[in-house]
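Enquirer: sequence and predicted structure are below.
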Amino acid sequence: MPTSPPLAPNPLRRGLVEDRAGEACAVVIFGASGDLTRRKLMPALYNLAWSRALPAGIAIVGVARGEKTDDSFRAGMREAVGRFSRRKPIEEALWADFERGLTYVRGAASDPATYESLRAHLARLDADRGTGKNRLFYLAVPPSEFGPIVEGLRASRLVGDAARGQDPNAWSRVVFEKPFGHDLASARELNDTIALAFNESQVFRIDHYLGKETVQNLLVLRFANLLFEPVWGREHVDHVQITVAEDIGVEGRGRFYEQTGVTRDIVENHLMQLLCLTAMEPPISLVADAVRDEKVKVLRALRPMELAEVNHNVVRGQYARGTVHGEEVPAYVEEPDVAANSRVETYVAMRCFVDNWRWSGVPFYVRAGKRLARRVTEIAIVFHEVPRTLFRASRLSGITPNVLSVRIQPDEGIALRFISKEPGQQTVLRDVAMDFRYGAAFGSNTPEAYERLLLDAMRGEATLFTRRDEVEAQWRYIDPVLSALGSEAPPLTYPAGSWGPDKADDLLTRDGCRWRKP
Ligand code: BG6
């Protein structure tokens, strides 16, 4: 009986095992007892270790105020990784190796003694684990601590020429979590403080959406295919819809949300980045500055909103009690640490214009919200209608515009809707979809955004991070919107589990369009 040949590895799975190990270094996480470290950073580092993407000489140092030993820190991180890692269960041998590199330094951001302990600690790690004086400082802390930590690192000469010692190739880099500032003035001030200690090439401002596979794929979709680019602009596109909908509420982050609101939390960064990647011109290469130059041009081309335009083009809402996936949930104002008369928005919809040659006159409708009907992030390019000369008869009126929708998450994929003839003796038209799903094509265990971003920061690759002028341009656009909203009536309420306030529909119906129900 013929034996079947051995199975060849599935070529589509190539790339899922990492081969991009960075250079030996110490990763120093400020905010080591926080949620981000537990939920995202440590699981990401463990998964990088699993993929053999971490260098042999790696040390991970947690810095926080709590009283902990290396052992109790390791135990806490093991529990977190066990819960939040995408690969489960923990592999014992791998963990044993991984945790040898985990250590803890106790200290407060504002205390100079913290940096002295850290310096001595890092010097020991250089000797014991061969971290080669390379440091990646990760600031997983509230923005109010960014300034003191940068200043602490500078004053204690943990960064800069002195930190390199005799080794001209040693590097130090710093990663800032979002939110980066509260408005344009505070973002600028922060950038000025950072510039006293770091060159811009050492600074990595995170927007974790840029680390998502589906977001990275936007440039590939647009510029590695011939089909889309010629129709990507005002001549063929009627409008663009970008939705970042979440079904969760503020999840115990009431205090943070009261200071932030969805416009600062999601629109100013994640949503603006999606808009930039959708609207930008092809960069001359994929190097960081080439890509970021093009994104900044989009941000500069956004039509600024004056007060009167804000009223016309922006709708904000706040969730009231309601039902999400069959479960009753409280109103925003009933969440812990939220003021009973809070005017903070948990939903915002905006009508924006990119005033350049390609997009002139094409509305970009964007919306983001908590406690909406379902969790979905999507970019939809809605094309113009065809002339209705050929299929006029009423029975044939099923013509709707073509839509290309990029599902960022969940159920990641890209779908193209077009019109087709229903099989039968008569000409009946119906819209159908060509649907590409990541899960089916590539398997579902794709890397988390933080894995890619941590690795890129270790390797000094800044393409997926936000540059100084970029973050300031984002704020320059959002600032007037926020000030106008601040002086306006309280947000409209919408029932949790709905698609937001009804008034958000008017933004589109006025232009003869409708929100998609993705
Ligand atoms: C964070 C916001 O940046 O992004 C959260 O602070 C939000 O409020 C989260 O829930 C959404 O991220 P993701 O990756 O789940 O879409």
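Expert: Yep, it's here.
Enquirer: contacting residues around the closest residue to the ligand within the stretch 1-150 of the chain?
Expert: Of all residues in the stretch 1-150 of the chain, Lys40 sits closest to the ligand, with a separation of 9.2 Å (CB to the nearest ligand atom). All C-beta atoms are positioned from the backbone trio N, CA, C, and that covers glycine. If you count contacts by CB atoms under 8 Å, 6 or more residues apart in numbering, Lys40 has them with Phe84, His208, Glu448, Tyr450.
Enquirer: how about these, which pair is most distant?
Expert: Greatest spatial distance among the contacts of Lys40 (CB to CB): Phe84 and His208, at 14.3 Å.
Enquirer: and the helix or strand Lys295 falls within, what's buried?
Expert: Following DSSP states H and E, the helix or strand that holds Lys295 is helix 288-301. Neighbour-count burial for helix 288-301 flags Ala288, Asp289, Val291, Arg292, Asp293, Glu294, Lys295, Val296, Lys297, Val298, Leu299, Ala301 (criterion: 16 or more other CB atoms under 10 Å).
Enquirer: ok, the residues you listed vs Arg119, which is closest?
Expert: For those, the residue nearest Arg119 by CB to CB is Ala288; the value is 29.8 Å.
Enquirer: ok, that closest one to Leu372 distance?
Expert: 34 Å (CB to CB, to the nearest Å).
Enquirer: pLDDT score assigned to the residue of the stretch 1-150 of the chain closest to the ligand?
Expert: Here, the pLDDT recorded for Lys40 equals 96.
Enquirer: can you check Glu422 too?
Expert: 88.
Enquirer: just want the residue of the stretch 251-400 of the chain that's nearest the ligand.
Expert: Using CB to the nearest ligand atom, Asp265 is the residue of the stretch 251-400 of the chain that sits closest to the ligand, at 4.8 Å.
Enquirer: the stretch 51-200 of the chain now?
Expert: Lys178 (5.9 Å).
Enquirer: would you mind listing what in the stretch 201-350 of the chain touches the ligand?
Expert: The stretch 201-350 of the chain comes close to the ligand at residues Glu246, Asp265, as judged by CB under 6 Å from any ligand atom.
Enquirer: try it again with 5 Å
Expert: Within the stretch 201-350 of the chain, the positions near the ligand by CB under 5 Å from any ligand atom are Asp265.
Enquirer: all strands for the stretch 201-350 of the chain, in order.
Expert: 203-205, 237-245, 314-320, 322-324, 327-329, 347-353 (DSSP state E, counting those that start in this stretch).
Enquirer: the second one: partners in the sheet, and parallel or antiparallel?
Expert: In the sheet containing strand 237-245, the strands it pairs with under DSSP bridges are strand 363-369 (parallel), strand 376-383 (antiparallel).
Enquirer: got it, and the fourth one?
Expert: In the sheet, strand 322-324 lines up against strand 327-329 (antiparallel) (DSSP bridges).
Enquirer: buried ones in the partner strand, by neighbour count?
Expert: Result for strand 327-329 [16+ other CB under 10 Å]: buried residues Val329.
Enquirer: what does stretch 80-92 give?
Expert: Of the residues in stretch 80-92, Ala80, Val81, Phe84, Ser85, Ile90 count as buried by neighbour count, 16+ other CB under 10 Å.
Enquirer: burial count for Tyr138?
Expert: 26 (other CB atoms under 10 Å).
Enquirer: quick check, Leu414 in a helix?
Expert: To be clear, residue 414 is Ile; Leu isn't right here. No: counting by DSSP: H, G, I helix; E, B strand; the rest coil, Ile414 is not part of a helix but strand.
Enquirer: so who does it touch?
Expert: For Ile414, the contact set (CB under 8 Å, 6+ apart) comprises Leu221, Leu404, Ser405, Val406, Arg407, Asp435, Phe436.
Enquirer: how about the strands in the stretch 401-518 of the chain?
Expert: 403-409, 413-421, 429-437, 492-495.
Enquirer: distance of Ala288 from Ala80?
Expert: 31 Å.
Enquirer: which of the strands of the stretch 401-518 of the chain sits closest to Asn269?
Expert: Per CB to CB, nearest to Asn269 of those: strand 403-409, 14.3 Å.
Enquirer: by contact count, what packs against the closest one?
Expert: Applying 3 or more CB pairs under 8 Å, 6 or more residues apart in numbering; DSSP states H and E, we find strand 403-409 packed against helix 213-223, strand 376-383, strand 413-421.
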